[in-house]
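J.: One predicted model, sequence on top.
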Amino acid sequence: MEGRAQSSPFRCTNLLLLHCFLRSFVVAAAATNITKDQSALLAPKSHITYDPHSILAKNWSATASVCAWIGVTCNAPHNRVHALNLSYMGLEGTIPPYLGNLSFLAQLHLQNNSFHGSLPYQMVRLRRLKFITFAYNRLSGEIPSFFGSLPKLGYLHLGGNELSGSIPASLFNASSSSLQKLVLSDNALSGSMPSTIFNMSSLQGIDLPNCSLSDELPGNIFSQLPNLQGIYLSLNHFSVAPNSTFYICLTIPSPEAYLPAFRISPCLPGYIWATTVSKEAIHKFAGVGLQLLILSVL
């Protein structure tokens, strides 16, 4: 009994030392991880060739916490970089491969800048990404196929760039992707919509105007994509399957001036009119540049 009493303080001391060691280990690991995020963001500064307001030059400093930098948001549980938003900053440069080291990044907003070049393959490591927008830059090259392997990616906006080539079929990988909204408008693409797009039951919106695409649209788009709320296809070279009838939403103030022979009815919230038109009318209005939204297919 006496021996046990004497060993109790010893055991307590050991437990206290173990607790202190584990705590210091966790703190050190957290500090190391956030340092990795800081390094991953400091490296891209060398890829920015023009920063008109000197935002990054003045604010992104190794002496300040990365979580306090402009455009950077950290998540509370892990204290890691969760979101990066450098939109509308007038930045010029290339997208650095080091972004692939931001392993906790969930949102990436870089729209309305002047980034050029291709998108780096290292982004395939960003397995937590849910939201990506590179809209309205000067990105070139083909659309990376690795976007289809990002398991949590729900929103991808690459519109308003100089991307070329075909839409990769692997972008619509139903087994590994949860893509809901895809925007590729205003790019120099070619070819047709890949058939794999109709395997993505999670898709809610497809925005492909002015992409130089050509294809015959199937008459059962909405039955194959049950969650689809809208598909924008104007200023392309699409045709429609024989005997297909589409419900079209026209974003013009007075559709009766253009469609006197067609039945006009209220449109979905956020739009103005809806009407039933033939495939000849679809070609006619697409030719004059009106934006068409296919709402449903009979």
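T.: Cool, the structure landed.
J.: does the closest residue to Ile55 other than its chain neighbours count as helix, strand or coil?
T.: With sequence-adjacent residues excluded and distances taken as CB to CB, 6 or more residues apart in numbering, Ile55 is closest to Ile70, at 5.6 Å. Every residue, glycine included, has its C-beta placed from N, CA and C. Counting by DSSP: H, G, I helix; E, B strand; the rest coil, the backbone at Ile70 sits in coil.
J.: how near is Ile70 to Leu91?
T.: According to CB to CB, to the nearest Å, Ile70 stands 12 Å off from Leu91.
J.: Also Ser176?
T.: 32 Å.
J.: for Ala135, same thing?
T.: Distance of Ala135 to Leu91, given as CB to CB: 14 Å.
J.: what comes into contact with stretch 53-67?
T.: 34, 37-38, 41-42, 45, 48, 51, 69-74, 79, 81, 86, 89-91 (CB atoms under 8 Å, 6 or more residues apart in numbering).
J.: cutoff 6 Å now
T.: By CB atoms under 6 Å, 6 or more residues apart in numbering, the residues outside stretch 53-67 that reach it are 37-38, 45, 51, 69-70, 72, 74, 89.
J.: mind listing the helices for the protein?
T.: Taking DSSP state H as the test, the helices found in the chain are 2-42, 55-59, 221-224, 255-258, 279-287.
J.: Averaged pLDDT, the third one. What do you get?
T.: Average pLDDT, helix 221-224: 71.
J.: what's the answer for the fourth one, then?
T.: Per-residue confidence for helix 255-258 averages out to 46 on the pLDDT scale.
J.: can you give me the strands in the stretch 151-298 of the chain?
T.: In the stretch 151-298 of the chain, the strands defined using DSSP state E, counting those that start in this stretch lie at 155-157, 162-165, 181-183, 188-189, 205-207, 214-217, 230-232, 237-240, 246-250, 264-266, 273-277, 292-297.
J.: Between those, pick out the one with the smallest average pLDDT, please.
T.: Mean pLDDT is lowest for strand 264-266 among these, at a mean of 37.
J.: hmm, back to that, most widely separated two among the contacts of stretch 53-67?
T.: Asp51 and Cys74 (22.2 Å; CB to CB).
J.: quick revisit: how many neighbours does the residue nearest to Ile55 have?
T.: By the criterion of other CB atoms under 10 Å, Ile70 has 13 neighbours.
J.: got it, and Phe198?
T.: Neighbour count for Phe198, taken as other CB under 10 Å: 18.
J.: Contact partners for Asp37?
T.: The contact partners of Asp37, by CB under 6 Å, 6+ apart, come to 66, 80-81, 102.
J.: quick one: which of those is most hemmed in?
T.: Val81 (26 neighbours).
J.: Need the nearest residue in space to that residue, chain neighbours excluded.
T.: Distance criterion CB to CB, 6+ apart; nearest residue to Val81, sequence neighbours excluded, is Asp37 at 4.4 Å.
J.: What of His109?
T.: Closest residue in space to His109, ignoring its immediate chain neighbours: Asn85 at 4.1 Å, by CB to CB, 6+ apart.
J.: Out of the contacts of stretch 53-67, which comes closest to Leu126?
T.: Comparing these against Leu126 with CB to CB places Asp37 closest, at 12.4 Å.
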